[in-house]
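J.: Just need the structure, nothing else, for what follows:
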Amino acid sequence: MPARMTPQTLRFFAATDVGQVRDHNEDNFLVDKKLGIFIVCDGMGGHAAGEVASAIAVRAVHEELKREKDLLDDFVAGATGAARVTPREIVSLLEHAVQQACSKIHSEANLDAAKRGMGTTLSALLVLGSRGFVAHVGDSRIYLMRGGRVHQVTEDHTVINELLKRGKLSREQIDKIVGKNAITRAVGVYERVEVDTLALEVLPGDTFVLASDGLTGYLESLDELALQLQQDGDTAVKSLIRLANERGGKDNITAVIVKLGEEGALDEAGAKRLALKREVLAKMPLFAHLTERELLRVLQAVEVRSYQPDQMVIQEGAKGDELFIVLSGNVRVMRGDDVLTRLGPGEHFGEMALIRSVPRSATVRAEASGAEFIIIRRTDFFEILRKEHELAVKMLWQFLGVLAERLDQTNSDLHSARQELAAEDLSSDIDVDVSPFQSNREDA
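T.: From the prediction side, this is the model:
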């Protein structure tokens, strides 16, 4: 059972600074330990409009979440029946809160010509029980440090990042482009905005960092950030602000560090289990070329399910909508009473069910030790494809590769079968007993 975070086991350390160049601070941050919400916003717009936009954003999101506190409490409590709250509902709530902030900023800008076009980045982390939920717009960032390694959880919505993703230009060419650091999405510039969301399992010992680009722009590597985070929280947040100022401080600087669990708390078993799930997914051809953030996106859509010894997993002829990846244990694949093969950890079956509803071609049963699977449903798979365009291209390209390999294997099997049939026909011809007398009469 995953360890559940409570307000008492959440620790945060936050600081903001105007920097060395700006004369006012357009960053805003919010922390509410009881609610489990942490937000960093970096405003933009003339005449202090950026400061107004970021302030409206943190307040609006906070108010929306407070209004739905009962829903959040039900999720943490793990209520059942009609009261059961799913992770998808929490993600939808968080996205709705950001959209409300967007609408309020846009409306405020329309009332004052001096504020027209104002907007803000927004990076929010909501920690509920054993789950973390992220909502993100713009180029502020959220990082996760787990097991001493730091990963960037969010993706920058900037011109430079879009160019790098498309691979059209080299880094040297991009560096010469004017406006390459301009953001491509912001909260409030329009009435609605596309929000990146993510749900992930969290563990005691995890550390999250929410930061504006006034800090992230000066970080030379993820390893440097990991080194800073090895200090106690208060020292680390002050050290990060100082680092940005010493390296130029051209923008406002904000950092919020969120530590999960009591001081020194670790869930080694939970960490190993999460690492195993990630490793199994990463080795599967369909997900082999995904980035760490993209793997997290897929992991939020999976379910782990256990089967008892000899329990049927899928039945030949039945229609299904799930891909199965063996996490632990073994299974046997059967057609009728014949065992075709056995599969173990990391191997998979049922991938065609992600694309279309077709009858299962074989029966699969757990072996004597039972089995545990990572399962992805077709509806969740298509939801990823719909929302994550770059991820969709990668996965569909890999899927084509899997189908091509299957086709090659089928052709090879058919070729072997034809050769065997031809050999059988030839053998039957050779076995025919033709006497010399008969042969001579036919020749005549």
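
J.: what ranges of the stretch 151-300 of the chain fall below the confidence cut-off?
T.: 167-169, 171 (pLDDT under 70).

J.: domain parsing for the chain?
T.: Domain segmentation of the chain under automatic domain parsing yields 9-266, 270-391.

J.: and residue 399, which of those is closest to it?
T.: domain 270-391 (6.1 Å; Cβ to Cβ). C-betas here are computed from N, CA, C, even on glycine.

J.: Tell me where the stretch 201-350 of the chain has helices.
T.: Secondary structure of the stretch 201-350 of the chain, counting by DSSP state H, counting those that start in this stretch: helices at 213-216, 222-229, 233-246, 268-283, 292-299.

J.: Which elements pack onto the shortest one?
T.: Spelled out, that is helix 213-216. Under the contact definition 3 or more Cβ pairs under 8 Å, 6 or more residues apart in numbering; DSSP states H and E, helix 213-216 sits against helix 233-246, strand 253-260.

J.: What residues of the longest one count as buried?
T.: What it means is helix 233-246. Of all the residues in helix 233-246, those buried under the rule 16 or more other Cβ atoms under 10 Å are 233, 236-237, 240-241, 243-245.

J.: now swap in stretch 362-382 and tell me
T.: Result for stretch 362-382 [16+ other Cβ under 10 Å]: buried residues 362-367, 370-371, 373-378, 380-381.

J.: What's the first helix or strand after the helix or strand containing residue 90?
T.: Assigned by DSSP states H and E, residue 90 belongs to helix 87-111. Sequence order places strand 119-120 as the next helix or strand after helix 87-111, per DSSP H and E.

J.: Contact partners for the spatially closest residue to residue 357 that is not a sequence neighbour?
T.: Once flanking residues are discounted, residue 357 sits nearest to residue 319: 5.1 Å by Cβ to Cβ, 6 or more residues apart in numbering. Shown in contact with residue 319 (Cβ atoms under 8 Å, 6 or more residues apart in numbering): 357-360.

J.: and those, which are buried?
T.: The buried subset of the contacts of residue 319 (16+ other Cβ under 10 Å) comprises residue 360.

J.: now, which of the buried residues of stretch 362-382 lie within helices?
T.: 378, 380-381 (DSSP state H).

J.: could I get these as JSON lines with distance to residue 72 and pLDDT?
T.: Below are these laid out as JSON lines (distance: Cβ to Cβ, whole Å; pLDDT from 0 to 100):
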{"residue": "378", "distance to residue 72": "29", "pLDDT": "90"}
{"residue": "380", "distance to residue 72": "23", "pLDDT": "88"}
{"residue": "381", "distance to residue 72": "28", "pLDDT": "87"}
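
J.: between those residues, which is closest to residue 197?
T.: For these, the closest approach to residue 197 (Cβ to Cβ) belongs to residue 380, at 13.8 Å.

J.: For the residue nearest to that closest one when sequence neighbours are not counted, what are phi and psi?
T.: Leaving aside its chain neighbours, residue 380 sits nearest to residue 301 (4.0 Å; criterion: Cβ to Cβ, 6+ apart). Dihedral angles of residue 301 (phi, psi; degrees, to the nearest 10) stand at phi -100, psi 0.
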